[in-house]
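Visitor: Kindly return the folded structure for what I paste below:
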Amino acid sequence: MRSISLSNYLENALILLELIGIKVFVKTIKPVNSPTKKVNKPKAPKWIGTTLYYKGKSKKAKNSYSAKLVVVSDDEFILKAGSVIIDKTFNQIKTTEDKPFKSLSTAGKFVSNSSVNGWVIWKNKNGETADVLGRKK
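Guide: Residues are numbered from 1 along each chain as shown. The predicted structure is shown next:
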């Protein structure tokens, strides 16, 4: 019994397909004088650079929190120094440094020490939610 390697089999199959008029691999060459398509870079969403606010009271300790967050990109947010947050022991703490976050909900949980929907709780100075400002429709 004779064995055929896979590469020989494929080579023979390609030859037979070309003989019956089926081109499997066709090399395409771009014409030299063809105009190149102009690719528009996506514009930064309007909400990049927007300052968002989150204020409220802790349910367990009745302490209030007040935070300020800046939108750096669709997945990068900076909680500004000076924000008043609720720590794990439900005490108020004023942040001394900016703190980065990858999501609005994580930033909101850090501030209030409870699970939140970041798209709803963060608002701009006009009261518009992050959902209205930043979600792609």
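Visitor: Look up how far residue 20 lies from residue 111.
Guide: Counting by C-beta to C-beta, to the nearest Å, the gap from residue 111 to residue 20 is 69 Å. Bear in mind the C-beta positions are built from the backbone N, C-alpha and C, glycine included.
Visitor: If you count surrounding residues, which of those two has more?
Guide: Taking other C-beta atoms under 10 Å, residue 111 and residue 20 do not tie; residue 111 has more neighbours (28 against 6).
Visitor: Over to the more buried one. Which of the three states is it?
Guide: helix (DSSP: H, G, I helix; E, B strand; the rest coil).
Visitor: Let's verify the nearest residue to it once chain neighbours are set aside: helix, strand, or coil?
Guide: Excluding its sequence neighbours, the residue lying closest to residue 111 (C-beta to C-beta, 6 or more residues apart in numbering) is residue 67, at 4.3 Å. Using three-state DSSP, the structure places residue 67 in strand.
Visitor: check contacts around residue 67.
Guide: Residues near residue 67 by C-beta atoms under 8 Å, 6 or more residues apart in numbering: 53, 54, 55, 79, 80, 83, 84, 85, 107, 111.
Visitor: Tell me where this protein has strands.
Guide: For the chain, strands defined by DSSP state E occupy the ranges 51-57, 64-73, 76-79, 84-86, 92-94, 99-101.
Visitor: I'd like those strands as TSV, with distance to residue 7 and mean pLDDT appended.
Guide: Formatted as TSV, the strands of the chain follow (distance: least, C-beta to C-beta, whole Å; pLDDT from 0 to 100):
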stretch	distance to residue 7	mean pLDDT
strand 51-57	60	93
strand 64-73	47	94
strand 76-79	49	95
strand 84-86	64	92
strand 92-94	67	91
strand 99-101	52	96
